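[1] Here is my input, please return the structure:
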Amino acid sequence: MQLLPPAIQLLRSATVYAPEALGVRHLLVAGERVVWMGTDQPAVPDGVEVVDLEGRRIVPGFVDCHTHLTGGGGETGYASRVPPLTLSHLTTAGVTTAVGLLGTDDTVRTTGELLAVARGLREEGLTTFCWTGGYHLPAQTLTGSVREDIVHLDLVIGAGEVAISDHRSSQPTLDEVLRVAADCHVGGLMTGKAGVLHLHLGDGDRGLELVRRALADAEIPARVFHPTHVNRRTALFEEALALAGQGCTIDVTTFPPDDEDGGLSAVDAILRYMESDVPPERLTVSSDGGGCLPRFDNEGRAIGMGVGTPALLGDTLRELLARGVALEHALPPFTSNVADHLRLPRKGRIAVGCDADLVVLDDDARVEAVVARGQWFVQGGEPVRRGTFE
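    Residues are numbered from 1 along each chain as shown. As a prediction, the model looks like this:
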């Protein structure tokens, strides 16, 4: 699919949450960027497309830091491999920036394949990045080194999802975790990238013990460690809160309700975080979109399976609003917090100079329209651009 060059557009009368509440603004989009925003409507020269949003709420596009772009799964046999995510799976959910990763299957699925899928989605108009490696250590990289993948591969911003406290992990030692975390940190220093180690948390009793020991025993900054799925157990979430107090950013997953298995829903976890005294910027939310969500018995046999979907990001945001959270307070874990942690300065905000990644919400806070890099992908809740093979 060949995209047309983005037009110059005036988005008129938008109620802007940037994510902070700015009130009604007019936005001028040129190419892929927001180039002007103000309260007084400018004179519109010929050739500028005018879109009247009639006061609708407009928010930054969601930054989903945990998406299985190539598909996840494979834990119940070859037929259980989840298909890759399509462009419209992401855009209709309001996702305009996605970070792809590998999970349990980092044997058949590879970093090279992940990069190819991420580049394809970029050609179709989305913004994508990747974590290198997967569940297991030593990490399955493209260059032979986590640090070199970060330095030499433009889309790679860190490593993950390295599994700990999970029977599917490689049962990594503290030294192994520290070595990959050090590679992430130094690779980030050399490139200005995030340099983050994105850690999958299973439901094992050891919880976040390895991360606590890493913070106590080594000099690696706390921000390098980014544990995800921390709401899968209530006790695990309390551990994660304590780590956030020490400087880690923690990631809540929008698990489907029937896959919570005794843990906290994303909404309950976010509310619990907001009630704590931990800095608000250290919380992110991701979808596990395209990932397999198996349930196991005590012998490690899969007894059920679900599939993560990016659409649950919007469902989670709506429920937060229904439970009394102001939109400007609910948005950062989906937008600016993620962009800041991943060092993506033009993402997660609506501001002059930022990428024109915008989501228009309807009266029920559902995704009504989506602009990614200045192009309209969703209108009236339906995709107006689809992926090449959709």
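[2] What ranges does the stretch 251-390 of the chain have for its strands?
    283-286, 292-296, 302-307, 358-361, 367-372, 375-379, 382-383 (DSSP state E, counting those that start in this stretch).
[3] and these as TSV, adding mean neighbour count?
    For glycine as for every other residue, the C-beta is placed from the backbone atoms N, C-alpha and C. Shown next, in TSV, are these (neighbours: other CB atoms under 10 Å):
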stretch	mean neighbour count
strand 283-286	28
strand 292-296	19
strand 302-307	14
strand 358-361	25
strand 367-372	25
strand 375-379	21
strand 382-383	14
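[4] Now the ones you listed in TSV, please, with extra columns for mean pLDDT and distance to Thr143.
    Output for the strands of the stretch 251-390 of the chain, formatted as TSV (pLDDT from 0 to 100; distance: least, CB to CB, whole Å):
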stretch	mean pLDDT	distance to Thr143
strand 283-286	98	26
strand 292-296	70	28
strand 302-307	70	31
strand 358-361	98	36
strand 367-372	98	30
strand 375-379	97	33
strand 382-383	96	36
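[5] For Ser165, which of those strands is the nearest?
    In terms of CB to CB, the element of the strands of the stretch 251-390 of the chain nearest to Ser165 is strand 292-296, at 13.5 Å.
[6] Let's verify Leu114: helix, strand, or coil?
    Following DSSP: H, G, I helix; E, B strand; the rest coil, Leu114 is assigned to helix.
[7] Near it, how many residues? Count them for me, please.
    By other CB atoms under 10 Å, 27 other residues sit near Leu114.
[8] With Thr234 instead?
    13.
[9] Can you give me the separation between it and Ser165?
    In this view, Thr234 and Ser165 are 15 Å apart by CB to CB, to the nearest Å.
[10] again, but for Glu123
    In this view, Glu123 and Ser165 are 38 Å apart by CB to CB.
[11] now Arg122
    According to CB to CB, Arg122 and Ser165 sit 34 Å apart.
[12] Neighbour count: these two, which is higher?
    Ser165 (24 against 14).
[13] List the single closest residue to that one in space, sequence neighbours excluded.
    Gly204 (3.6 Å; CB to CB, 6 or more residues apart in numbering).
[14] wait, that neighbour sits on Arg168?
    No: the pair Gly204 and Arg168 does not pass the contact test of CB atoms under 8 Å, sitting 10.3 Å apart.
[15] in the stretch 1-150 of the chain, which spans are helices?
    Ranges of helices within the stretch 1-150 of the chain are 87-91, 111-123, 146-152, based on DSSP state H, counting those that start in this stretch.
[16] nearest to Leu174, of those?
    The nearest among the helices of the stretch 1-150 of the chain, by CB to CB, is helix 146-152 at 16.7 Å.
[17] related to what we said a few turns ago, so of the helices of the stretch 1-150 of the chain, which one's packed in deepest?
    helix 87-91 (a mean of 26; mean count of other CB atoms under 10 Å).
[18] now for it, which elements pack on it?
    Identification of packing neighbours for helix 87-91 by 3 or more CB pairs under 8 Å, 6 or more residues apart in numbering; DSSP states H and E yields strand 375-379, strand 382-383.
[19] any chance of the ones you listed in JSON lines, plus distance to Arg343?
    Formatted as JSON lines, these follow (distance: least, CB to CB, whole Å):
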{"stretch": "strand 375-379", "distance to Arg343": "24"}
{"stretch": "strand 382-383", "distance to Arg343": "30"}
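[20] got the contact list for the residue nearest to Gly308 when sequence neighbours are not counted?
    Excluding its sequence neighbours, the residue lying closest to Gly308 (CB to CB, 6+ apart) is Asp288, at 3.5 Å. Residues counted as contacts of Asp288 (CB atoms under 8 Å, 6 or more residues apart in numbering) are His66, Thr67, His68, His229, Thr253, Thr254, Phe255, Gly308.
[21] Which residue, other than its chain neighbours, is closest to the third one?
    Same thing as His68. According to CB to CB, 6+ apart, the nearest residue to His68 is Gly290 (3.6 Å).
[22] what do you get for the first one?
    For His66, the nearest residue in space outside its immediate sequence neighbours is Ser286; the separation is 3.5 Å by CB to CB, 6+ apart.
[23] Settle this for me: that neighbour is touching Thr249, isn't it.
    No: Ser286 is beyond contact range of Thr249, at 11.6 Å (criterion: CB under 8 Å).
[24] related to what we said a few turns ago, contacts only, for the residue nearest to His68.
    Gly290 touches 67-72, 82-85, 89, 307-308, counting by CB under 8 Å, 6+ apart.
[25] repeat that with 7 Å
    By CB atoms under 7 Å, 6 or more residues apart in numbering, Gly290 lies in contact with Thr67, His68, Leu69, Gly71, Gly72, Val82, Pro84, Leu85, Gly308.
[26] Among those, which are located in strands?
    Within these, residues falling in strands by DSSP state E are Thr67.
[27] So which one of the contacts of Gly290 is the model least confident about?
    pLDDT across the contacts of Gly290 is lowest for Gly308, at 80.
[28] Can you give the distance of stretch 216-225 from its chain's centre?
    Computed by CA atoms, centre = their mean, to the nearest Å, the chain-centroid distance of stretch 216-225 equals 22 Å.
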